[in-house]
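Asks: Provide a 3D model corresponding to the input given below.
(chains A, B, C and D)
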Number of protein chains: 4
Amino acid sequence: MKKNTELRSDIAWATPEAIGVHGYDLCHDLMGEVNFGDMAFLEVTGRLPDAKESRMFNAILVTLVEHGIVPSTLAARMTYAGAPEAMQAAVAAGLLGLGSVFVGSTEGSARMLAAALPDGRGGQGAPADASLAGLAEEIVKSHRAEKKIIPGLGHPIHKPLDPRTLRLFAIAQQTGFHGRYVALMQCVADAAGAAYGKALPVNATGAIGALCCEMGLSWKVSHGLGVMARAVGLVGHVLEEAKQPMAMELWHRAEDEATAHSRGKLRGKAGGKGV
Amino acid sequence: MKKNTELRSDIAWATPEAIGVHGYDLCHDLMGEVNFGDMAFLEVTGRLPDAKESRMFNAILVTLVEHGIVPSTLAARMTYAGAPEAMQAAVAAGLLGLGSVFVGSTEGSARMLAAALPDGRGGQGAPADASLAGLAEEIVKSHRAEKKIIPGLGHPIHKPLDPRTLRLFAIAQQTGFHGRYVALMQCVADAAGAAYGKALPVNATGAIGALCCEMGLSWKVSHGLGVMARAVGLVGHVLEEAKQPMAMELWHRAEDEATAHSRGKLRGKAGGKGV
Amino acid sequence: MKKNTELRSDIAWATPEAIGVHGYDLCHDLMGEVNFGDMAFLEVTGRLPDAKESRMFNAILVTLVEHGIVPSTLAARMTYAGAPEAMQAAVAAGLLGLGSVFVGSTEGSARMLAAALPDGRGGQGAPADASLAGLAEEIVKSHRAEKKIIPGLGHPIHKPLDPRTLRLFAIAQQTGFHGRYVALMQCVADAAGAAYGKALPVNATGAIGALCCEMGLSWKVSHGLGVMARAVGLVGHVLEEAKQPMAMELWHRAEDEATAHSRGKLRGKAGGKGV
Amino acid sequence: MKKNTELRSDIAWATPEAIGVHGYDLCHDLMGEVNFGDMAFLEVTGRLPDAKESRMFNAILVTLVEHGIVPSTLAARMTYAGAPEAMQAAVAAGLLGLGSVFVGSTEGSARMLAAALPDGRGGQGAPADASLAGLAEEIVKSHRAEKKIIPGLGHPIHKPLDPRTLRLFAIAQQTGFHGRYVALMQCVADAAGAAYGKALPVNATGAIGALCCEMGLSWKVSHGLGVMARAVGLVGHVLEEAKQPMAMELWHRAEDEATAHSRGKLRGKAGGKGV
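Replies: Numbers count the residues shown, from 1 in each chain, chains lettered A, B, ... in the order given. Purely as a prediction, here's the structure:
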């Protein structure tokens, strides 16, 4: 029917005596030699990071691990309450909510910045510093015209500044990743603040989007970083739920309140007897 | 209806200017200070690891990240092929298969060892070295009597020895985690080999189960380590599928072969025309 | 490496002009001819139901569709709040909690009854009516001895009787499925009530477990019925969440309460400044 | 922090003696009275269907249940192979791939048609029949200009016509749902065929998108119908995998082929010997 194409994966292989991962010997080059964050870098880029990349990349992942009691951790806890024998399913349920609303803005800011500066951080065709402000104004104008939210700006709790952004950009200074994408993201924040008449500082997802661009990681990778880091955090929440549960209590409260207005009421003449 | 109990989580909090994770200041104590594996240790134990714990724990996670083309990575790739807009769903689909068949043996060996030596690695009530062999024989006998597979032994590919086990136990020697649980696991392998008349060496899941016991991590945690590490690997496979797909090809081949025997056949008189 | 075995599926095929499902012509034998419940029966048994089977089976599925605000619907709503672009993921998240705690008792009672009467409802080797009470007492005794909960009995809300059980057993009378498994389940309820000194009537999951046995459906199928029916209900909850949301509100309340005790507190001398 | 809003759900409630679902008495109005498809209609619309709606709606669901060996059923089978103790997780994994590539076109055609004829099937403002062709040409033109695929047209296997479309539209004739949305969808197919110079007939997803519009169901509902129907089919595939597995075989074949080019190769001097 269809002509066969070859199946091919370049990630890993196993023989009786060895395992290769992206060309490294798992047992001798990786285990005991690199940390979990470096291994994640290898998975998404196909190579190991240098020391500066390792520091920046691990810091990004550490930032993304834990967000406390949020919809995704609540979904994981609710799932664990029903299927405690399948912890992996509770973690998976938590991951499923990492879509456009919460984690999507990392990916969104990475896309936005990469589209504006498509030639990479060191590209010769990149505009002079002065013109980043102009690029930023165009970005803000086009988002306003299409009534789209500018990704990576503002935060409901962290005001006036997101403390994670400050720290990430400081680490970027130390590791050589505080380049033109970071500068552009800050220009976008300034331009948006001026256009909307309120402070809209770069939040953690905007900072990470910019840093992924600086590190040469695509927007798909940036979303993947959120997914893998949250998986770690979700395991933590599932373990806490096992010892100190809140799902059942939250369920009973929600059910009681949400159905109080209708309980016992059926369609019918006297509001009590059905069809 | 039900008396309310308090909702309580001790993992994290946020204020406008700071974020706390298990009592650490995320921005100043963790970001840029600890690696992704240490952050994972914090999530599952509530404290940061010391240097030896960090090395052992990161090595365990690195071991678990990548397993190549296996059912869980294929499930993730199949899912990505249908919903490329939701990478988190592809990763979640891959996690869902981390149940009793593949990842369950880490948990199984941790449970088995903890049940046999319930008082911890340094416990005074622990039996003398000599009696670990006796304990191991009891374990093998009871599994045989109940026709249950002994978790953590043997491997279809890695023969005669699993190279990951050798490396993990070597790192355990260096870091002080080569204790009584590791010794017991090796005794179990010896006893099982004698009982079944074939080599049944400790595999990577058995080694990790024993090392989790050495580190004071519960069997639930040991399962969680597999889940979080595989999430990292699944992101890698989804990113490869995006660039170099195999799901569609595999689908077409499977469908062609699996339905060739029945295609066009309906219930009915002449085997061709239906009801 | 491994000798190839054939891939084979007997469920469906497609040619340019027709689609076969379990040997039926989808377009002419099924679409417009059978209802959704009959199609589900075809999927799990490989044949279409007769009129009595159709009535009983549809009634079982209708019973299982909707359970209001419960952990699984809350997990779905939490997931939708984060990823509204992927409704299928919200439904999937809801399904993931259908494990041992809630839906497992249908499967559990089907297993328990099938083990006690393994030869099928019409089997000649089946014990006389009088001895069902004896079988029931053995079941209760063995569960008590192993400290296991007897599946399918009692309900936290529906007291003294589960109204769904009464209705399901009435339909079973009308359709010829009120046989020995139903009788045994009721004997188990009586024996358990006597043993524990409190009313433990057959609940809906126990009734459905018994009816699956009567219909010749395995315990695996009985679990599958819960899964497919709840998928329908979960779509309903996701659609309501889209119009009349509760996830975000519930999140904010839970987070506020759960972290109030620790907010702003860091490990450190004066309880305010960290490491 | 945030002002509390009320939690409210209008779907279901339970009291000790009764359960209400959208105002109906579950035990007396629904169980034994309506089929599974009618119950699904109630879940997505809040009311029971009349006889014609029931026939059309059940036919749509029956169409969507089974698609044979496809990526979503393979993802479910792969997941079941790893976690056979959690069937619900295998079904969930299968649902996760029901995104933009496969099931999305139902939603896409419903959205496209509803946008073109926003005032409902009976709306007075609807254009005369003659102008449907004009509307269709605009739709085709705008999709071509934006290089977007027109949803609901063409099929890789079903040629020259999709037999499900013929049957669905025939049932629509019998039940009074063959109205202006169906006519517009057919005009779009004609206009697209002319524009692209090849036959692009309405496929099953396009037909169902049009019929959802005819029935007053939103595009969100149309996607939900695919999700619930596939859940039924996925249960069928998981049950078949339990008896007649293909996941393990497919895994071994895929792994062997995909890694043959690299097996044993490590980064190193001579391209063959590692560390």
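Asks: Please point out which parts of stretch A:37-56 sit buried.
Replies: A:37-45, A:48-49, A:53-56 (16 or more other CB atoms under 10 Å in any protein chain shown). Just so you know, the C-beta spots here come from the backbone N, C-alpha and C atoms, and that holds for glycine as well.
Asks: Report whether that stretch contacts chain D.
Replies: No - contact of stretch A:37-56 with chain D (CB under 8 Å from any CB of the partner chain) is absent, the minimum separation being 9.3 Å.
Asks: Next: stretch A:16-36.
Replies: Yes - Stretch A:16-36 comes into contact with chain D (CB under 8 Å from any CB), by way of A:Ala18, A:Gly20, A:Gly23, A:Tyr24, A:Asp25, A:His28, A:Asp29.
Asks: I'd like to know which of the residues you listed are buried.
Replies: A:Ala18, A:Gly20, A:Gly23, A:Tyr24, A:Asp25, A:Asp29.
Asks: wait, doesn't the fifth one sit right on D:Lys265?
Replies: No - assessed by CB atoms under 8 Å, A:Asp25 is found out of contact with D:Lys265, at 10.6 Å.
Asks: residue contacts, the residue nearest the centre of chain A?
Replies: Closest residue to the average C-alpha location of chain A: A:Gly226 at 2.9 Å, with CA atoms, centre = their mean. Counting by CB atoms under 8 Å, 6 or more residues apart in numbering or on different chains, A:Gly226 touches A:Leu64, A:Leu98, A:Val103, A:Thr106, A:Glu107.
Asks: And it, what's its pLDDT?
Replies: pLDDT for A:Gly226: 96.
Asks: same deal with A:Arg167?
Replies: 98.
Asks: Repeat that for A:Gln173.
Replies: For A:Gln173, pLDDT reads 98.
Asks: near chain C, anything from the helix or strand where it lies?
Replies: Take DSSP states H and E as the rule and A:Gln173 turns out to sit in helix A:163-175. No - Helix A:163-175 stays clear of chain C (CB under 8 Å from any CB), getting no nearer than 12.3 Å.
Asks: got it, and stretch A:243-251?
Replies: Yes - using CB under 8 Å from any CB, stretch A:243-251 comes into contact with chain C via A:Met246, A:Ala247, A:Met248, A:Leu250, A:Trp251.
Asks: didn't the last one look like it was pressed against A:Met78?
Replies: Yes - taking CB under 8 Å as the definition, A:Trp251 is a contact partner of A:Met78 at 7.2 Å.
Asks: related to what we said a few turns ago, and the furthest pair within the contacts of A:Gly226?
Replies: Comparing all pairs in those by CB to CB, the longest separation belongs to A:Leu64 and A:Glu107, at 12.4 Å.
Asks: Tell me the residues of the stretch 51-200 of chain A that contact chain C?
Replies: A:68-72, A:74-75, A:78-86, A:89-90, A:92-93, A:96-103.
Asks: Can you list the buried residues in stretch A:182-198?
Replies: A:Val182, A:Ala183, A:Leu184, A:Met185, A:Gln186, A:Cys187, A:Val188, A:Ala189, A:Asp190, A:Ala191, A:Ala192, A:Gly193.
Asks: hmm, I was thinking of stretch A:96-116
Replies: Buried, per 16+ other CB under 10 Å, within stretch A:96-116: A:96-114, A:116.
Asks: ok so, going back, restrict the residues of stretch A:243-251 next to chain C to those near chain D?
Replies: Of the residues of stretch A:243-251 next to chain C, not one also sits near chain D (CB under 8 Å from any CB).
Asks: Which ones among these map onto strands?
Replies: Among the residues of stretch A:243-251 next to chain C, no residue falls in strands (DSSP state E).
Asks: Give me the distance between A:Gly179 and chain D.
Replies: 29 Å (CB to the nearest CB, to the nearest Å).
Asks: any weak-confidence spans in the stretch 51-200 of chain A?
Replies: The model of the stretch 51-200 of chain A has pLDDT under 70 over residues A:120-128, A:130.
Asks: thought A:Met215 was touching A:Phe177?
Replies: Yes - applying CB under 8 Å as the test, A:Met215 and A:Phe177 come out as touching, 6.2 Å apart.
Asks: joint contacts of these two?
Replies: When CB under 8 Å, 6+ apart defines a contact, the residues bordering A:Met215 and A:Phe177 alike are A:Met56.
Asks: Mind jotting down where the helices sit in the stretch 151-275 of chain A?
Replies: A:163-175, A:180-196, A:204-214, A:219-243, A:247-259 (DSSP state H, counting those that start in this stretch).
Asks: How far away from the center of its chain is the shortest one?
Replies: Its chain's average C-alpha position is 10 Å from that of helix A:204-214, according to CA atoms, centre = their mean, to the nearest Å.
Asks: is any part of it close to chain B?
Replies: No - looking at helix A:204-214 against chain B by CB under 8 Å from any CB, there are no contacts, and the closest approach is 9.4 Å.
Asks: Quick check: which helices or strands does that helix pack against?
Replies: helix A:51-65, helix A:104-116, helix A:163-175, helix A:180-196, helix A:219-243 (3 or more CB pairs under 8 Å, 6 or more residues apart in numbering or on different chains; DSSP states H and E).
Asks: what angle separates it from helix A:219-243?
Replies: 140 degrees (axes from the mean of the first three to the mean of the last three CA atoms, to 10 degrees).
Asks: One more: the second one?
Replies: An angle of 80 degrees separates the directions of helix A:180-196 and helix A:219-243 when computed by the same axes, to 10 degrees.
Asks: Say whether chain B is contacted by helix A:180-196.
Replies: No - applying CB under 8 Å from any CB, one finds helix A:180-196 separated from chain B by no less than 15.6 Å.
Asks: same question, the last one
Replies: Yes - for a cut-off given as CB under 8 Å from any CB, helix A:247-259 has contacts with chain B, namely A:Glu249, A:Leu250, A:His252, A:Arg253, A:Asp256.
Asks: chain center to that helix: distance?
Replies: That offset, for helix A:247-259, works out to 30 Å (CA atoms, centre = their mean).
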